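[1] The sequence and its predicted three-dimensional model are supplied below.
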Amino acid sequence: MYSEKVMDHFQNPRNVGEIENASGVGTVGNAKCGDIMRMYLDIDDNGVIQDCKFKTFGCGAAVATSSMATELVKGKTIQEALEVTNKAVMEALDGLPPIKVHCSLLAEEAIHAALWDYAEKNGIKIEGLSKPKSDISEEEDDEEY
Amino acid sequence: MSKMIYLDNAATTKTAPEVVEAMLPYFTEYYGNPSSLYGFASHNKDAISKARRQIADTIGAKDKEIYFTAGGSASDNWALKATAELLGETKGKHIITSRIEHHAIMHTCDYLAKKGFEITYIDVDENGVIKMDELKAAIRPDTILISVMFANNEIGTIQPIKQIGALAHENGILFHTDAVQAYCHVPINVDEYNIDMMSASGHKFYGSKGIGFLYIRTGVKIRSFVHGGAQERKRRAGTENVPCIIGMAKAAEIAHAHMAEWNEKEIAMRDHMIDRVLAEIPYSRLNGGRTNRLPNNVNFSFQFVEGESMLIMLDMKGICASSGSACASGSLDPSHVLLGIGLPHEIAHGSVRLTLSDETTMDDIDYTVDALKEIVAQLRSMSPLYEDFVKKQKK
């Protein structure tokens, strides 16, 4: 069902973890649908993403797209990171089964959400970035698991 | 992969070698059409009659009450649609079923609902047992059928079939049970359990795929579902699937000869697995009751992790299992059975079903529990839900 690249990124996910005092953190998805991605960005003074980590609750495709997305944005400028679309993530993984395409959307949204958080923290506006819709951190914070 | 541990016997079983052996002559030696006149073919007719009797004997039925079909779904479709056709114009259009039926029942009910039938879905309790008071209250003068599965395919819960059947009969309502997971795994007697129609499937008990049967009590006059030749007493046309019928009868014979022994062995392994997982993996739960479940069924939920990820990792360790997560089912919603017993979505997404066979060993179980421990820990270490949970604990 999955490409070799997807399986590789699922079995050996790159950049799993947290960044303490991250420049930006974004959480997207919904536990109800079975996918949650959290992306941590460490952005330097020149606006270059020095480090990127993730945590994901979800299926094989969700984990693999998160992993690939971190690889793709690392070392990029904010503007370059905005160009990492779900299509780019999917292509880098040699494709996803049709039913899993929504997982790659989540990866793109996670990057955007983390960048939005960074912009808000620094009181800046990032050209071409609008507030991500699916940030769950506020409404689901109090939910008991 | 060195060794495979197959723990998905509720999905399908390995056809037993004795079953294959019994089937083989019917491909190349006795290949005649049982409907043909010559002696060569009539051997097959006798073989089918014998198989029908063998199967009838296992459930206390008469030979002529066993109708061979293509499997569980075919039997379920026949029972429901033909009952609807038989009684829809005269008695009524109301059917009662449970919230946790197999898709073969659920989607047939959806289809009948589109055709003007009214379906009442009875809720189950936290262990998946149907709520008898709700069932009782749902009965109406125009109720034509109650269909409740014998045992659930995901969580293994065994329903109070005897009581449901009695309730149906007190009210003059036909009672059908989908016994696909139960037949040949627990004892069934159609008279004792008040069953009017019962679906079964060969490949769930070491028979082959593509064969099953529908038990129809004498006097229940549902009509043919497949029109054509006069096979199956004119109620199910099509040349008999002779090798598979012979194989299924052989499988039923073996299963009934070993049922007590297999049950004892499977229950010991099942309970060992449940004990270890609940003791050794924190934030895990058993779905379905502790005792009132199929001897070979285990179903766990592990909080903060997702089912499909677990299945892939289990597969990498050579373990075949299944899950009720949305991703595993190919939809956005997790299993209706797990939601039916009241699990929140995120817990239902983290479920794993493991179903044993008579070939499973205690070593397999221990290996699987060890693997689960490792996998759950690994996936939790990368789960944002677990991260949040741990942070909340520290506060």
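    All right, it came through fine.
[2] Residues of chain A that sit close to chain B?
    Proximity of chain A to chain B (CB under 8 Å from any CB of the partner chain) is limited to residues A:7, A:10-11, A:13, A:16-18, A:27, A:31-38, A:54-63, A:99-100, A:145. Heads up, the C-betas are built off the backbone N, CA and C, glycines and all.
[3] Quick check: the gap between the spatially most central residue of chain A and chain B.
    By CA atoms, centre = their mean, chain A has its centre lying nearest to A:Ala110, at 3.4 Å. Distance of A:Ala110 to chain B, given as CB to the nearest CB, to the nearest Å: 10 Å.
[4] Please apply the same query to A:Gly47.
    Counting by CB to the nearest CB - A:Gly47 and chain B are separated by 26 Å.
[5] pretty sure that residue contacts A:Glu80?
    No: using CB atoms under 8 Å, A:Gly47 is not in contact with A:Glu80; the gap is 9.8 Å.
[6] Let me see the ranges of the strands in the stretch 151-300 of chain B.
    B:174-178, B:197-201, B:212-216, B:284-286, B:297-302 (DSSP state E, counting those that start in this stretch).
[7] What are the contacting residues of stretch A:95-113?
    Under the criterion CB atoms under 8 Å, 6 or more residues apart in numbering or on different chains, residues A:1-3, A:6, A:26-29, A:35, A:37-39, A:54, A:58-59, A:61-62, A:65-66, A:68-69, A:73, A:81-82, A:84-87, A:89-90, A:93, A:129, A:132-135, B:327, B:330 lie in contact with stretch A:95-113.
[8] Show only the entries of the residues you listed found in strands.
    The strands, defined by DSSP state E, take in A:26-29, A:35, A:37-39, A:54 from those.
[9] for these, which one is nearest B:Ile122?
    A:Asp35 (32.1 Å; CB to CB).
[10] Can you give me the domain boundaries for chain B?
    B:5-11+B:259-394, B:17-254 (automatic domain parsing).
[11] what about the shortest one and chain A, touching?
    Spelled out, it's domain B:5-11+B:259-394. Yes: Domain B:5-11+B:259-394 comes into contact with chain A (CB under 8 Å from any CB), by way of B:303-309, B:312, B:316, B:325-328, B:330, B:332, B:334, B:345-347, B:349, B:381-387, B:389.
[12] just to revisit the earlier point, return the distance of the residue nearest to the centre of chain A relative to A:Lys131.
    Plainly put, A:Ala110 is 14 Å away from A:Lys131 if you go by CB to CB, to the nearest Å.
[13] Is the closest residue to B:Asp76 other than its chain neighbours within a helix or a strand, and which one?
    Using CB to CB, 6 or more residues apart in numbering or on different chains and skipping the chain neighbours, the partner closest in space to B:Asp76 is B:Ala104 (4.0 Å). Per DSSP states H and E: B:Ala104 is located in helix B:103-114.
[14] Generate a ChimeraX selection restricted to the buried subset of the residues of domain B:5-11+B:259-394 next to chain A.
    Selection command for ChimeraX covering only the buried members of these, criterion 16 or more other CB atoms under 10 Å in any protein chain shown:
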select /B:303,304,305,306,307,308,309,312,325,326,327,328,334,345,346,347,349,382,383,384,385,386,387,389
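[15] Which ones among the residues of domain B:5-11+B:259-394 next to chain A lie within strands?
    Using DSSP E, no member of those falls within strands.
[16] Show only the entries of the residues of domain B:5-11+B:259-394 next to chain A found in helices.
    Among these, the residues falling in helices (DSSP state H) are B:307-309, B:312, B:316, B:326-328, B:345-347, B:381, B:384-387, B:389.
[17] which element is B:Leu135 on?
    Assigned by DSSP H and E, B:Leu135 belongs to helix B:132-138.
[18] Centre of the chain to that helix, how far?
    The chain centre lies 23 Å from the centre of helix B:132-138; the measure is CA atoms, centre = their mean, to the nearest Å.
[19] Stretch B:67-82 now?
    14 Å.
[20] List the buried residues for that stretch?
    Buried, per 16+ other CB under 10 Å, within stretch B:67-82: B:67-82.
[21] tell me the contacts of the residue nearest to B:Ser325 when sequence neighbours are not counted?
    Using CB to CB, 6+ apart and skipping the chain neighbours, the partner closest in space to B:Ser325 is B:Gly307 (3.0 Å). B:Gly307 makes contact with A:34, A:59, B:323-325, B:327-328, B:334, B:349-352, according to CB under 8 Å, 6+ apart.
[22] okay, who's weakest in those by pLDDT?
    Among those, B:Ala328 has the lowest pLDDT, at 60.
[23] returning to what we had before: of the ones in strands among the contacts of stretch A:95-113, closest to chain B?
    Among the ones in strands among the contacts of stretch A:95-113, A:Arg38 lies closest to chain B (CB to the nearest CB), at 4.0 Å.
[24] so that closest one touches A:Thr27, yeah?
    Yes: with contacts counted by CB under 8 Å, A:Arg38 reaches A:Thr27, the gap being 4.4 Å.
[25] For chain A, which segments count as helices?
    Using DSSP H, helices in chain A cover A:4-11, A:60-73, A:78-82, A:86-92, A:101-122.
[26] Most tightly packed of the ones you listed?
    Mean neighbour count (mean count of other CB atoms under 10 Å in any protein chain shown) peaks for helix A:60-73 among the helices of chain A, with a mean of 27.
[27] Poorly predicted segments of the chain, please.
    Picked chain A for this. A:134-145 (pLDDT under 70).
[28] oops, I was thinking of chain B
    If you take pLDDT under 70 as the line, chain B has these spans: B:1-2, B:326-332.
[29] quick revisit: show residues contacting the following helix or strand past the helix holding B:Ala104.
    With elements assigned by DSSP H and E, the helix or strand that comes after helix B:103-114 is strand B:118-122. If you take CB under 8 Å, 6+ apart as the criterion, strand B:118-122 is touched by B:93-99, B:109-110, B:112-113, B:130-131, B:134-135, B:138, B:148.
[30] Pull the distance from strand B:118-122 to the chain's centre.
    20 Å.
[31] which residues are in contact with stretch B:379-388?
    Applying CB under 8 Å, 6+ apart, the set of residues contacting stretch B:379-388 is A:13, A:16-18, A:27, A:31, A:36-38, A:54-57, A:63, A:145, B:303-306, B:309-310, B:313, B:346.
[32] so the nearest residue to B:Ile347 once chain neighbours are set aside bridges to which residues?
    In space, and not counting its chain neighbours, B:Ile347 is closest to B:Ser301: 4.8 Å by CB to CB, 6+ apart. B:Ser301 has these beta-bridge partners by DSSP bridges: B:Arg285, B:Ser351.
[33] Lovely, talk soon.
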